[in-house]
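> Mind looking at a prediction? Sequence and model below.
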Amino acid sequence: MLRDPIAVIFPIHGTMLRFFNMYVYYKRDAGRYFSKEEFLNYVEKKTIRTIQKYDMLRYDDTIAVAVSGGKDSVSLLYVLDKIEKKFPTELVIVHVDEGISGYSELSYPIVARHAKKLGYRLYHTSFKDLFGFTIDDVAKYYFEQKVDLEPCSFCGEWRRWALNKLALEAGATVLVTAHTLDDFAQTIMMNILRNALSRLSRLVLSREKTIEGFVPRVHPFVELYEKETALYAHLLELEHNDAPCPYAELSMRWDLRLFLYQQEEKHPGTLYNILRFHQSLLRELPQQKITLKRCQLCGYPTTTDICRAHYLERILRSLKLVSRF
Ligand SMILES: [Zn+2]
């Protein structure tokens, strides 16, 4: 019998090559190997199960998919495109330009090409148009020590506000983001480190109640690791923006990301444990009654007189005024 020539020359490596051709992923926390087909199927099935588990989508929704152009959001778009075909839902894409040079300008063309290819309407805007500042402007003030908050704080708050605005314009009944298990574990840990119990208690996975002026948000990738959504994009060769955000390393999130990767590596299942712990905690916490007001500037639901997005804009405007004199 003829032997595999690779196996003859490299007996060990030949076996490994066949092995890697057959399996694309080893899920450490489950101790299971996946072939390409099995893996793509796993991501799609897991997304469907998560949507059902947390009652995220309705059969007649207009779904605004937040697509930044990164691997996670592009994967989400293609998974939803596949699974929502069975329902009378409508998908639209929403995209926000942060104004980060070397990063943001690469994203929009990619998102536009995906929208065209799949035949979805694309709604987009920029922080510059909405707030008068780019994240590069914010970073400049931060490095000059004129603001204490790192650029990610502005970016996160403004993005939430901008995506909501775009979703409202699109007539969407729900907004879907590609936050993964990694993102949620980091957010939970950040809120613990900042002693932000009220924020932690508002971090719910099931579909939020509809409040006028606010489109409910859901996160169908919440039980998938970021490396899994990245592999999905890679296996399907989906075009995405691979450029790293130049300001990410300034944030607490970045430090936690590295720490949690190490923990997950040493103790598979750590990220799931954080998510489960948070869910147990929510069950123990008394239900908070929050009275919502309307932002005096934009009408966005808020607990204060001015929403956080506009509060941050005001800080920058006051700096601009000071620097004029
Ligand atoms: Zn506002």
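Received it, and whenever you're ready, just let me know what you need. Numbering: from 1, shown residues only.
> Can you give me the buried ones in stretch 266-281?
Thr270, Leu271, Ile274, Leu275, His278 (16 or more other C-beta atoms under 10 Å). (Each C-beta comes from the backbone N, C-alpha and C, glycine too.)
> Pretty sure Ala248 sits against Cys152.
Yes: counting by C-beta atoms under 8 Å, Cys152 is a contact partner of Ala248 at 7.0 Å.
> Of these two, give the one with the bigger neighbour count.
Cys152 (21 against 16; other C-beta atoms under 10 Å).
> Return the backbone torsion pair for the more buried one.
Note on Cys152: its backbone torsions stand at phi -60, psi -30 [degrees, to the nearest 10].
> Ignoring the adjacent residues along the chain, who's closest to it?
Nearest in space to Cys152, with sequence neighbours left out and distances taken as C-beta to C-beta, 6 or more residues apart in numbering, is Ser251 at 4.0 Å.
> follow-up on the earlier one: with secondary structure and distance to the ion added, can I get the buried residues of stretch 266-281 in CSV?
Formatted as CSV, the buried residues of stretch 266-281 follow (DSSP: H, G, I helix; E, B strand; the rest coil; distance: C-beta to the ion, whole Å):
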residue, secondary structure, distance to the ion
Thr270, helix, 37
Leu271, helix, 33
Ile274, helix, 32
Leu275, helix, 31
His278, helix, 28
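> so which of these would you say is closest to Ala170?
Leu275 (29.7 Å; C-beta to C-beta).
> Now that closest one. Nearest residue, chain neighbours left out?
Nearest to Leu275 is Phe184, by C-beta to C-beta, 6+ apart, at 5.8 Å.
> Tell me the spacing between the one you found and Arg113.
Note on Phe184: its distance to Arg113, by C-beta to C-beta, to the nearest Å, is 29 Å.
> now Leu168
25 Å.
> Comparing these two, which residue is more hemmed in?
Between Leu168 and Arg113, counted using other C-beta under 10 Å, Leu168 has the larger neighbour count: 15 against 12.
> now what about the helix or strand hosting the more buried one, what contacts it?
Assigned by DSSP states H and E, Leu168 belongs to helix 151-169. With contact meaning C-beta atoms under 8 Å, 6 or more residues apart in numbering, helix 151-169 is reached by 64, 66, 94-96, 98, 123-125, 127, 130-131, 135, 138-139, 142, 175, 177, 213-215, 247-248, 250-251, 253, 298, 300, 307-309, 312.
> just checking, which of these belong to strands?
Ala64, Ala66, Val94, His95, Val96, Tyr123, His124, Thr125, Leu175 (DSSP state E).
> so Val138 makes contact with Leu316?
Yes: shown here, Val138 and Leu316 form a contact pair, counting by C-beta under 8 Å, at 6.9 Å.
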